[in-house]
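Trainee: sequence first, predicted model second:
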Amino acid sequence: MDMLKVTLLFGVTAVAEIVGCYLPWLVIKQGKAAWLLIPAAMSLALFAWMLTLHPSAAGRTYAAYGGMYIAVALAWLYFVDGVALTRWDIAGAGIALIGMAVIVLQPPPAG
């Protein structure tokens, strides 16, 4: 799978996971309507399914996905929660994305 496809898939996967966790947070912490738990469950199911679309071993996929999750979570913090990012946030996300790229772009095993 090429890097652009992997990046886009991980990005959409991260949004699905964050939405699936954010909606219950709204219900529990902010007293929003309980019906939000239905799209939350659907979003988490979508998240789990999307992780299966990668050809790599599950553990490697999860490890690489973690880098994208960090970057998307910080984007969520900025765009949804309205919290300004620090240079440390941006540097951390960059390091995490480099780690994701190292894992995804490794050469295939010989043999």
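Mentor: On my side now, so go ahead.

Trainee: shouldn't Met50 be in contact with Leu9?
Mentor: Yes: if you go by C-beta atoms under 8 Å, Met50 and Leu9 touch, sitting 6.5 Å apart. In this view, the C-beta of every residue, glycine as well, is placed from N, C-alpha and C.

Trainee: which neighbours do those two have in common?
Mentor: Here Met50 and Leu9 have no joint contacts, going by C-beta atoms under 8 Å, 6 or more residues apart in numbering.

Trainee: what helices and strands are in contact with the helix or strand containing Leu44?
Mentor: Here Leu44, judged by DSSP states H and E, is contained in helix 37-51. Using 3 or more C-beta pairs under 8 Å, 6 or more residues apart in numbering; DSSP states H and E, the elements in contact with helix 37-51 are helix 3-30, helix 58-79.

Trainee: so what pLDDT did Leu53 get?
Mentor: At Leu53, the model reports a pLDDT of 89.

Trainee: show me what contacts it?
Mentor: Leu9.

Trainee: gap between it and Ala34?
Mentor: Leu53 sits at a distance of 31 Å from Ala34 (criterion: C-beta to C-beta, to the nearest Å).

Trainee: cool, and Met68?
Mentor: When Met68 is compared with Ala34 (using C-beta to C-beta), they lie 30 Å apart.

Trainee: just put the helices and strands packed on helix 37-51 in a markdown table and tack on mean neighbour count and distance to Met42.
Mentor: Formatted as a markdown table, the helices and strands packed on helix 37-51 follow (neighbours: other C-beta atoms under 10 Å; distance: least, C-beta to C-beta, whole Å):
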| stretch | mean neighbour count | distance to Met42 |
| --- | --- | --- |
| helix 3-30 | 16 | 8 |
| helix 58-79 | 17 | 18 |
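
Trainee: what would these look like in TSV with mean pLDDT?
Mentor: Converted to TSV, these look like this (pLDDT from 0 to 100):
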stretch	mean pLDDT
helix 3-30	94
helix 58-79	93
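
Trainee: need these in a markdown table (columns: distance to Pro108).
Mentor: Formatted as a markdown table, those follow (distance: least, C-beta to C-beta, whole Å):
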| stretch | distance to Pro108 |
| --- | --- |
| helix 3-30 | 14 |
| helix 58-79 | 12 |
